[in-house]
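turn this into a structure:
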Amino acid sequence: MSFLHVIGFVLKVGHLSLMLCCWIFSVISLTWFINVGVMNTKTGLLGDCGKIWLNLWEKIHHHYYQYIGSKRVRRTWWRKLLVTWIVFWTIVSLWVFWYMNSQAMMKRKETLASMCDERARMLQDQFNVSMNHVQAMSVLISTFHHGKNPSAIDQMTFARYTERTDFERPLTSWLAYAVRVLHSEREQFEKQQGWTIKRMDTLEQTPVHKDEYDPEALEPSPIQKEYAPVIFAQDTISHVVSLDMLSGKEDRENVLRARASGKGVLTAPLRLLKSNRLGVILTFAVYKMGLPSNANPNERIQATDGYLGGVFDIESLVEKLLQQLASKQTILVNVYDTTNCSNPISMYGSNVSVDGLQHVSSLNFRDPFRKHEMRCRFKQKPPWPWLAITTSIGILVIALLIGQIFRATMNRIAKVEDGYHEMMKLKKRAEAADIAKSQFLATVSHEIRTPMNGVLGMLHMLMDTDLDVTQQDYVRTAQASGKALVSLINEVLDQAKIESGRLELEEERFDLRAILDDVLSLFSGKSQEKGVELAVYVSDKVPEMLIGDPGRFRQIITNLMGNSIKFTEKGHIFVTVHLVEEVMDSIEVETESSSKNTLSGLPVADRQKSWAGFRTFCEKGPNCPLSSSSPDLIHLIVSVEDTGVGIPFEAQSRVFIPFMQVRPSISRLHGGTGIGLSISKCLVGLMKGEIGFASLPKIGSTFTFTAVFTNGYSHLNEHKSQHMNNQSNSVSSEFRGTKALVVDHRPVRAKVSRYHIQRLGIQVEVVSDLNQGFLCISSGNTVIDKVLIEQEVWDKDFSSSALFVNKLRKFDRGVPPKLFLLVNSISSTRSGVTTSSVNTPAAIMKPLRASMLAASLQRAMGVGNKGNCCNGELPSLSLHNLLLGRKILVVDDNNVNLRVAAGALKKYGADVVLADSGKKAISLLKPPHQFDACFMDIQMPEMDGFEATRRIRNMEQNINSRIQHGELSVESYEIVSNWHMPILAMTADVIQATQEECLRCGMDGYVSKPFEAEQLYREVSRFFRTASTQNP
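Numbers count the residues shown, from 1 in each chain. The predicted model follows:
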């Protein structure tokens, strides 16, 4: 009765536990799929593999809840499912029984193998020890019998010595030594020994015991080339003295193989005299002293003096071995001579056994000709596998109990499943609405960008006409508003790409420091107007060139710095770039929240809190992303620190939510759509990084993100790498070898100044005040060419500044160094000039950038600008030189866009021809023609730009093929054997007209509307330079 109570209690507990687990799983999966799953699908943060599993999981749930969760199917399918469950677990229990039984058999095999290998190893070791002693005996005979004259060994000495050393050869029954005698020496040998050499094979045919042995009854050995009579033997077999070993068949083969090989050789198993037990005879050749170790067989035969033989009783040997290894599981041991594989010879043991399991261990008796092996089997049958039987039955019983619990639980879960099914339908509707929204944004954005192209283009053309100051101001305002609208459209398009999961990154080489200089140039005007100090610092350990998407990286930095400029009225904005390894291994790269260790002296948010939740810093060991990454991958950590208004604590949780502002008044005061940080977070995720922030109200904010790039120099050879270095350093070649002194009492700001000055190849020393600066200059240890003084140090005490200048005027050690003042704004420079009574140094405007700094130093030192383009600015002269005289076809169905494109290209000297459809473009570009390039709109009626480009490429390939095969003459096609018209895509649809689609249809590049001079120059210069090189 108590047993039934226990079973009932177990069933109830199991039932309730399974219901609880299913309920928790349903709630968690429901929440995850509706909230997190949808968000991850929209943002595209899941990888390809993750998306596949997500879709597969949704399909499984959909079909499950549709066909199993409904009431109609429950009654018909649950019974079948239960039967399938029972059949399945019955099969599993049988498989468990088979597996455990096979494991027991495997363990039994391993035990047998271990025991057999142990016995074989011990037999082999003992046999080899005895062989070594026999070989040592042969060396002793060679030394004291053949090496001494007269011999130091006789029959009595040999017998006594072998008897006393018999314990060293426990496996050897007896030893005998036969000397080599040539036929010419036989008569003298027999006289010397006093007996005649007897024949061996007669004794083999009729074996006799020692007591019955009569030497006179044996026949003399027949005449042959040489003989091997036994001269020494143990007392137990002294009757074999005078027997010729070469007259016996087995012994003759042994003797000949032993002296030719120089090794111990064994006979086939044979019956031993007197004992009639199986044994083998071991033979060693005794050579003359001085025989080299690498002698060939002929040399060994000539150097042979005799033969030492020993008899091994195999049966006795194995029996002694088995007695030493007594075991609970007794095994049967058989030893075979397997030289003849088809007919092995049994040397020990019997074949009586009830167990068919057998293991074979090889035996190596150091005879290369003969092979031996040991075969072992258990005496008893294996026991019943009770563990496998009980385990399989237990599994089957548990499966039956779970089946009963499952049957009772499914009725209660059905309601939850039906509710979940309804939620999945609502989720599908939400996803469809989200896709429709993205498509609507893309379509509307395209329709807005198309007329905006005409507006901005016409305004740009209007600027080239004669306008008064007021009209120019109106046009600039209209251009700024149009560009702001285009920027907003771009952000909306990026958000649409993110939600549709179609945002992809490019892979190209770029200079990280140059990009940061460009971003500094973009915000330098606003920072100077506000008097906010703007600075960038890049660690020396960051490579010069990286491989990644420079445009998206620039977009992240621009968004973060734009927010900082927008919300910062005083203090500083500081951008730092380090390797993640530096931040993890060094404390020096961390910025503390101390007014003494910041760029402007104002307190900032703790930078460490901005990366506190990063997986890179939380995980250690093999799970850390840095430990398993390739050595070519560069893990960067970028921080943007400001001393702005900060973010309220209640609003920090929604910073990265699209279209969300801290408060409604923010958009009215500062503008913006609230999607910049959301886009930045998505881009950081695509770069395999993380983003976070730390912010304190009225103190400031620090945003930090990580990104993974590839080392730009790892994919190029040394020559190209060196060429790039030389090219990047050409601007600062005139400054190399010079030395500068920076006077600044703030370590962080001095570190930034040192970084930018050292980029020009100038050696830099830093001091904290003017007195230390003059001591450094006057010490004479180094020649200072330039002194750069921070404005805050200069304005702090004008008397000290005047005294410093007077000391430099009276400097009597060569030419005094040039003075420069590092200032933040033009107004502060003017106030310093007007209030100071001393000779004010030349001013260098912040933020510091390599090109701007080089230009300022060149102007002040009279070197002059070398004509390099600063901060990536493209002079119109370069674009004019590229397009001058070029005949370009522009294809667009919009007349306004045609006029804008024609005006932009004609401005740079191009000869422009217009076409309003793809069909006209095909007819105009049919070879031969005089066009140098074609700008093709993508979305046109009747025939779009993709189809027109494909037909043009097919037409060119057909003509090129016919010219190569001689069907057409090159002269009729203007002596051009390979026609390929450079075609650039020209469209406002930046979602559909991707670069991959353009290249797939045969286009050579991509230009978005409206035209930008930098993008136009970058695309046109690629194929125009190539064309000029090929066809000078």
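
give me the nearest residue to His578, chain neighbours excluded.
Among residues not flanking His578 along the chain, Ser539 sits closest, at 4.5 Å (Cβ to Cβ, 6 or more residues apart in numbering). Yep, even glycine has a C-beta here, placed from its N, CA and C like the rest.

wait, the one you found touches Leu579, no?
Yes - the criterion here is Cβ atoms under 8 Å, and Ser539 meets it with Leu579 at 6.4 Å.

same drill for those two, tell me which one is more crowded.
Legend: neighbour count by other Cβ atoms under 10 Å for Ser539 and Leu579, higher for Leu579 (19 against 16).

so what's that one scoring on pLDDT?
pLDDT, Leu579: 92.

same check on Phe659?
68.

can you check Trp32 too?
For Trp32, the model assigns a pLDDT of 51.

mind starting the numbering at 13 from now?
Yep, numbering from 13; the last one is Trp44 now.

in the stretch 563-712 of the chain, which spans are helices?
According to DSSP state H, counting those that start in this stretch, the stretch 563-712 of the chain carries its helices in the segments 592-597, 619-622, 627-630, 676-682, 688-698.

tell me which of these sits most buried.
Sort the helices of the stretch 563-712 of the chain by mean neighbour count, taking mean count of other Cβ atoms under 10 Å, and helix 688-698 sits at the top with a mean of 21.

list the contacts of that one.
Outside helix 688-698, the residues within contact range by Cβ atoms under 8 Å, 6 or more residues apart in numbering are 55-57, 503, 506-507, 510, 515-517, 564, 567-568, 571-572, 574-575, 667-671, 702-703, 717-719.

what do you get for stretch 89-108?
Stretch 89-108 is contacted from outside by 79-80, 400, 403-405, 407-408, 411-412, 414-415, 418-419, 422, using Cβ under 8 Å, 6+ apart.

hmm, 7 Å instead?
Applying Cβ atoms under 7 Å, 6 or more residues apart in numbering, the contact partners of stretch 89-108 are Ile80, Thr403, Ser404, Ile407, Leu408, Ala411, Leu412, Gly415, Arg419, Met422.

before we move on, what about stretch 265-278?
Residues outside stretch 265-278 that contact it (Cβ under 7 Å, 6+ apart) are 143, 146-147, 240, 257-258, 279, 292-297, 309, 312-313, 316, 319, 377-379, 381-382.

list the buried residues of it.
Residues of stretch 265-278 classed as buried by neighbour count (16 or more other Cβ atoms under 10 Å): Asn266, Val267, Leu268, Arg269, Ala270, Arg271, Ala272, Gly274, Lys275, Gly276, Val277, Leu278.

that older thread, got the phi/psi numbers for the residue nearest to His590?
Torsion angles at Ser551 (phi, psi; degrees, to the nearest 10) stand at phi -60, psi 150.

how near is it to Leu524?
Going from Ser551 to Leu524 by Cβ to Cβ, to the nearest Å gives 11 Å.

check what pLDDT Lys63 gets.
pLDDT, Lys63: 58.

ditto for Ser765
Ser765 is assigned a pLDDT of 91 by the prediction.

the one 5 residues further on too?
Looking at Gln770, its pLDDT stands at 90.

ok, it - how many residues close by?
Counted by other Cβ under 10 Å, the residues lying close to Gln770 total 15.

repeat that for Leu183.
Counted with other Cβ under 10 Å, the neighbours of Leu183 add up to 24.

that one contacts Leu329, correct?
Yes - contact criterion Cβ atoms under 7 Å: Leu183 and Leu329 qualify, at 4.9 Å.

related to what we said a few turns ago, among the contacts of stretch 265-278, which lie within helices?
Met143, Val146, Gln147, Pro309, Arg312, Ile313 (DSSP state H).

what is the nearest of the residues you listed to Thr580?
Proximity of the ones in helices among the contacts of stretch 265-278 to Thr580 (Cβ to Cβ) peaks at Met143, which lies at 92.9 Å.

distance from the chain centre to stretch 664-672, please.
Chain-centre distance of stretch 664-672: 35 Å, with Cα atoms, centre = their mean, to the nearest Å.

report the buried residues of it.
For stretch 664-672, the neighbour count (16+ other Cβ under 10 Å) marks Gln664, Val667, Phe668, Pro670 as buried.

okay, who's weakest in these by pLDDT?
By predicted confidence (pLDDT), the lowest-ranked of the buried residues of stretch 664-672 is Pro670, with 76.

so what's it up against?
When contacts are counted by Cβ under 7 Å, 6+ apart, Pro670 is found next to Gln507, Gly686, Ile687, Ser690.
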